[in-house]
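A.B. asks: Sequence first, then the predicted structure, then my questions.
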Amino acid sequence: VVPDVDLRAALRRAAAAWTSTGAVAWREARADEAPGVVVGWRRGAHDGCPPFGRSPTAAHAGPVAPASFVHLDASRAWGGDDGLDLERALVHELGHVAGLDHVADPAAVMRPDPVTSAPGAGDVAGLRSLYGGGVDGPGDLHLLPAEDEGATRRSAGGELPSRDTPSASRCVLRRLAPPATTEVGLLDVDGDGAAELLLLRADGRGQRALEIVRFATGPVVVRTEGPFPGFEPAGASTVFTRDARGVVRVFTSDAAGALLRVRRFDERGRLVEGGPEDLASAVDGASPVDARSTVADVDGDGRAERLARRE
């Protein structure tokens, strides 16, 4: 275990790395106040968390909420030429506590195995999506009131109308959907009355990964899932359907139309592998649904939002 003085120093540097972005701020708790995040060493099975020692994971973080935590595996070697980089791990885990998920960006500190201790532009854009701020740029997604006078159902790939300013946006997601590589749409995948934002992002090999963004009243981003690489192989096509019970299924076919894979969203909105019943649905023919719709109620408050993208 790293000496306490070294852990504190590494934690101060990790907190300063995020604070320096201007998007979020961390500070050391005073002696007379309850800390928002507690950092500590753990071994094996502990505190109801996934046990250390059964996977390569050397650290993990708690929820995006007060009284969260960061646990570090005390059985691993930390520091020095052969040990794990403590500061880098702390920067990464504090990013999780702030609300960021893993990303595929090789320059991001939130990639699964980061090679940097400094938050990158993509990391900062994620924080801006959660907490506001930043400057409009290509790939920004704006959720606007659908009932605005003169609002039209524009393509999500189209440019924002001049009257659509950041002040009119109910929510802005920064740099999330570059137009050249990403298709976007709104679809309620779990039947709770609130639509999720689906992003299909192409990589350099022609495959497409799926990312799902969920919202709470506001709307505000509460969780992202993915990206799920290989969601759609190169040359394949994907169809979303909904049956009479509201179950959304995902059918992926090759270029010749042959069915490659059947998946569905479960009652918690998780994408899972389909079984025989789901395959039978493909044969019987369920009703297709538009996974690229640009108007939907994303937070279940009874008011629809309109999705537009900044070119």
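C.D. replies: Great, that's in hand.
A.B. asks: Just want the most central residue of the chain.
C.D. replies: With distances taken as Cα atoms, centre = their mean, residue 224 lies nearest the centre of the chain, 2.6 Å away.
A.B. asks: Which helix or which strand is home to it?
C.D. replies: Per DSSP states H and E, residue 224 falls inside strand 220-232.
A.B. asks: and whichever helix or strand comes after that strand, which strands flank it?
C.D. replies: As assigned by DSSP H and E, the chain's next helix or strand after strand 220-232 is strand 237-242. Its sheet considered, strand 237-242 pairs with strand 248-253 (antiparallel), strand 287-288 (antiparallel) by DSSP bridges.
A.B. asks: any idea how far residue 204 lies from residue 262?
C.D. replies: Look at residue 204 and residue 262: by Cβ to Cβ, to the nearest Å, they are 27 Å apart. In this view, the C-beta of every residue, glycine as well, is placed from N, C-alpha and C.
A.B. asks: follow-up on the earlier one: and the angle for the strand holding residue 224 with strand 237-242?
C.D. replies: Here strand 220-232 points in a direction 130 degrees away from that of strand 237-242 (axes from the mean of the first three to the mean of the last three Cα atoms, to 10 degrees).
A.B. asks: what residues does strand 220-232 touch?
C.D. replies: With contact meaning Cβ atoms under 8 Å, 6 or more residues apart in numbering, strand 220-232 is reached by 99, 101, 103-104, 129-130, 171, 173, 199-201, 203, 207-216, 238, 252, 270-271, 299.
A.B. asks: Could you do stretch 278-294 as well?
C.D. replies: 153-156, 183-187, 195, 198, 238-243, 248-249, 251, 259, 262-264, 306-308.
A.B. asks: Of these, just the buried ones, ChimeraX syntax please.
C.D. replies: Buried members of the contacts of stretch 278-294, defined by 16 or more other Cβ atoms under 10 Å, are picked up in ChimeraX with:
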select :154,156,183,184,185,186,187,195,198,238,240,241,242,248,249,251,262,263,264,306,307,308
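A.B. asks: Rounded mean pLDDT for stretch 304-311, please.
C.D. replies: Here stretch 304-311 scores 90 as its mean pLDDT.
A.B. asks: out of the contacts of strand 220-232, which are buried?
C.D. replies: Buried members of these, counted by 16+ other Cβ under 10 Å: 99, 103-104, 129-130, 171, 173, 199-201, 207-215, 238, 252, 271, 299.
A.B. asks: so of the residues you listed, which ones are in helices?
C.D. replies: 129-130 (DSSP state H).
A.B. asks: Let me see the backbone angles for residue 7.
C.D. replies: For residue 7, the backbone dihedrals are phi -60, psi -50 (criterion: degrees, to the nearest 10).
A.B. asks: now the one 4 residues further on
C.D. replies: Backbone dihedrals for residue 11, given as degrees, to the nearest 10, come out at phi -70, psi -40.
A.B. asks: all helices of the stretch 51-200 of the chain, in order?
C.D. replies: Ranges of helices in the stretch 51-200 of the chain, per DSSP state H, counting those that start in this stretch, are 86-98, 121-131.
A.B. asks: Ok, which of the ones you listed comes nearest residue 40?
C.D. replies: Between residue 40 and those, the shortest gap by Cβ to Cβ is with helix 86-98, which sits at 11.7 Å.
A.B. asks: neighbouring contacts of the closest one?
C.D. replies: Residues outside helix 86-98 that contact it (Cβ under 8 Å, 6+ apart): 2, 6-7, 10-11, 13-15, 17-18, 24, 26, 37, 39, 58-64, 68, 70, 72, 78-79, 109-110, 114, 116-119, 123, 127, 130.
A.B. asks: No further queries at this time; thank you.
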